[in-house]
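the sequence and its predicted three-dimensional model are supplied below.
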Amino acid sequence: MKKLITMSLNGETHEIAILPYRSLLDVLRQDLGLTGTKKGCDVGDCGACTVIMNGKAVNACLVLGVEANGAQIETIEGLAEITANGYKLHPLQESFLEYGAAQCGFCTPGMIMAAKSLLDENPHPTEAEVRFAIAGNICRCTGFSKIVEAIVHAGNGE
Amino acid sequence: MRRFEYIEPVTLDEAVALLGEHSGKASLLAGGTDLLVEIKEHLREPDYVINIKKIEGLHTLTYNDKDGLIIGSLTTVREVEKSTDVNEKYAGLAQAASALGSIQVRNRATVAGNICRASPSADTLPPLIADGAAVKLFGRDGERVLLLEEFFTGPGKTQMAADEILVEIAVPPPSPHTGKAYIKHGRRKAMELATVGVAVTLTLDSGDICSDVRIVLGAVAPTPIRALKAEAVLRGKVVDERVIEEAAVRARAESRPISDVRSSASYRREMVYVQSRRALGLAFNRARGII
């Protein structure tokens, strides 16, 4: 039987009826059309599905959609700021572009959400702290160097 | 995912009644970082998933010098990892918490869940046992308290009854001049199951004499085990490199690892020696206040 849940998603309230045996990842991607969050392994090993739930980075594949009732969820789609004449990228997004931190881009949303969670708590992390913070995010393409540089740079600010 | 009914009890009594009513067909959901994986991989197939996160009073983390550390069953591994009290007084547990999974997993996973899943390689178990932790269980007939050291009966098996819920973990306050350490040996720095885990809690008397020590090995037996013969080498002796070496050699002999996808038995045995030596050295320096 479906359960009606209410969640705040990137600042907007959503009410949705979902079956309990569906992950938050599937609900975001299929029911809410937010495909920025990726399904890599679906078992919490790769971090591609990282979202921020109630201020904490989590693997959306290991959260049931119904567990998000009453929660605040931030996904990659919510990072850029909508402005009068378009949008303004988040400093992490700017940094990833500047440093060439994406190749195929599949790990990128998860990486950026993990990095945002780090910067929310520790605005100026060291390289070691960045590497520790993204230890739950796997990248097959880049060898991680540019990703780490981009996050350190975003933390150092303008 | 295989279909299930989802229930959110608001009291422990309600949760226990549900476990009894759906005996054998229900699983408790706290962090979900083991349960959901097991459901997706068809290792567990509950018809009922009972989310206990709405029950009040279980999400606590307190320390005082009389009662020690009390960890509620809904407290996450990340909260334990970041706790000042844990880092100052239970350094082994803090190290173990930071080594578990990834930040994303730790933000959901609970220490209680780590205990109940009872994996032989679980990270929080050796330091908790080394610190003499006990667990409080709540069931139909009320509460009971069990020593964690006696709690595990086999891989994935504990003394918990099917309709009991773990509500709290209590760890005694540390004695003065006590140093603690946990070293996880694995193929990678994160997102890994320990191939060997060593926890040490070491207490010194005046003159660097070891008045008490507990060495607990993870991932090298069906359950976490105390290396009693290794401990006996140290107790009552002045701690130095030679004595630590001898204890580490004994610990290696006491381990009973298997070969599996992660590591061979012989390599694990060797790493018990290496990491016991290191964990003993680390705990010793911490006991002396050097680090």
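On my side now, so go ahead.

CA only for contacts and neighbour counts going forward, please
Fine.

what count of nearby residues applies to whatever residue of chain B ends up closest to chain A?
In chain B, the residue that lies nearest chain A is residue B:104 (4.1 Å; CA to the nearest CA). Counted with other CA atoms under 10 Å in any protein chain shown, the neighbours of residue B:104 add up to 29.

count the neighbours of the closest residue to residue A:13 other than its chain neighbours for me.
Closest residue to residue A:13 apart from its sequence neighbours, by CA to CA, 6 or more residues apart in numbering or on different chains: residue A:7 at 5.7 Å. The local packing of residue A:7 (other CA under 10 Å) involves 20 other residues.

is it true that residue A:7 touches residue A:24?
No: if you go by CA atoms under 8 Å, residue A:7 and residue A:24 don't touch, sitting 11.1 Å apart.

which neighbours do the two have in common?
Common neighbours of residue A:7 and residue A:24 are listed as residue A:68 (criterion: CA atoms under 8 Å, 6 or more residues apart in numbering or on different chains).

identify the residues contacting the spatially closest residue to residue B:249 that is not a sequence neighbour.
Take residue B:249 and drop its neighbours on the chain: the residue closest to it by CA to CA, 6+ apart is residue B:273, 5.7 Å away. Neighbouring residues of residue B:273 by CA under 8 Å, 6+ apart: B:248, B:249, B:251, B:252.

residue B:158 too?
Counting by CA under 8 Å, 6+ apart, residue B:158 has contacts B:116, B:118, B:151, B:152.

again with residue B:61
B:69, B:70, B:71, B:72, B:75, B:80.

cutoff 10 Å now
B:69-76, B:79-80, B:83, B:85-86, B:168-169 (CA atoms under 10 Å, 6 or more residues apart in numbering or on different chains).

repeat for residue A:18
By CA under 10 Å, 6+ apart, the contact list for residue A:18 reads A:1, A:2, A:3, A:4, A:5, A:24, A:27, A:31, A:65, A:66.

quick one, phi psi at the residue nearest to residue A:13?
phi -140, psi 150 (degrees, to the nearest 10).

and if you look at the one 4 residues further on?
Taking degrees, to the nearest 10, you get phi 90, psi -10 for the backbone angles of residue A:11.

distance of it relative to chain B?
Residue A:11 is 21 Å from chain B, where distance means CA to the nearest CA, to the nearest Å.

pull the CA atoms of stretch B:160-170 into PDB?
The C-alpha trace of stretch B:160-170 is given here as PDB (Å, rounded to 0.1, in the frame of the first residue of the first chain):
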ATOM      1  CA  MET B 160      19.400 -11.800  21.100                       C
ATOM      2  CA  ALA B 161      15.900 -13.400  20.900                       C
ATOM      3  CA  ALA B 162      13.900 -12.900  17.700                       C
ATOM      4  CA  ASP B 163      11.600 -10.500  19.500                       C
ATOM      5  CA  GLU B 164      14.200  -8.500  21.300                       C
ATOM      6  CA  ILE B 165      15.500  -5.000  20.500                       C
ATOM      7  CA  LEU B 166      18.900  -3.700  21.400                       C
ATOM      8  CA  VAL B 167      18.200  -0.300  23.100                       C
ATOM      9  CA  GLU B 168      21.500   0.800  24.500                       C
ATOM     10  CA  ILE B 169      25.300   0.200  24.700                       C
ATOM     11  CA  ALA B 170      27.000   1.000  27.900                       C
END
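
chain center to it: distance?
15 Å (CA atoms, centre = their mean, to the nearest Å).

state the mean pLDDT of that stretch.
In this model, stretch B:160-170 has an average pLDDT of 97.

one more: stretch A:139-147?
98.

can you check stretch B:23-39 too?
Averaged over stretch B:23-39, pLDDT sits at 97.

can you pull the buried residues of it?
B:26-37, B:39 (16 or more other CA atoms under 10 Å in any protein chain shown).

so chain A: which segments form each domain?
A:3-78, A:81-156 (automatic domain parsing).

no no, chain B
Split by automatic domain parsing, chain B gives B:5-51, B:61-171, B:178-287.

pull the distance from the second one to the chain's centre.
This points to domain B:61-171. Using CA atoms, centre = their mean, the offset of domain B:61-171 from its chain centre is 6 Å.

ok, now which ones touch residue 17?
With no chain named, the answer covers chain A. Contacts of residue A:17 (CA under 10 Å, 6+ apart): A:1, A:2, A:3, A:4, A:5, A:6, A:31, A:65, A:66.

meant chain B actually
Each residue near residue B:17 by CA under 10 Å, 6+ apart is listed here: B:9, B:11, B:23, B:139, B:140, B:163, B:164.

and these, which of them are buried?
Buried among the contacts of residue B:17 by 16+ other CA under 10 Å: B:9, B:139, B:163, B:164.

what's across from the nearest residue to the last one once chain neighbours are set aside in the sheet?
Read it as residue B:164. Leaving aside its chain neighbours, residue B:164 sits nearest to residue B:139 (4.4 Å; criterion: CA to CA, 6+ apart). On the basis of DSSP bridges, residue B:139 is bridged to residue B:142.

list just the nearest of the contacts of residue A:18 to chain B.
Chain B has its nearest neighbour among those in residue A:1, at 7.8 Å by CA to the nearest CA.

returning to what we had before: return the per-residue confidence for the residue nearest to residue B:164.
At residue B:139, pLDDT is 97.

close enough to count as contact, it and residue B:145?
No: in this structure, residue B:139 is not within contact of residue B:145 by CA atoms under 10 Å, at 11.3 Å.

rewinding a little: ok, which of the buried residues of stretch B:23-39 also contact chain A?
Counting by CA under 10 Å from any CA of the partner chain, B:31, B:32, B:33, B:34, B:35, B:36, B:37, B:39 from the buried residues of stretch B:23-39 sit close to chain A.

fine by me, we can end here.
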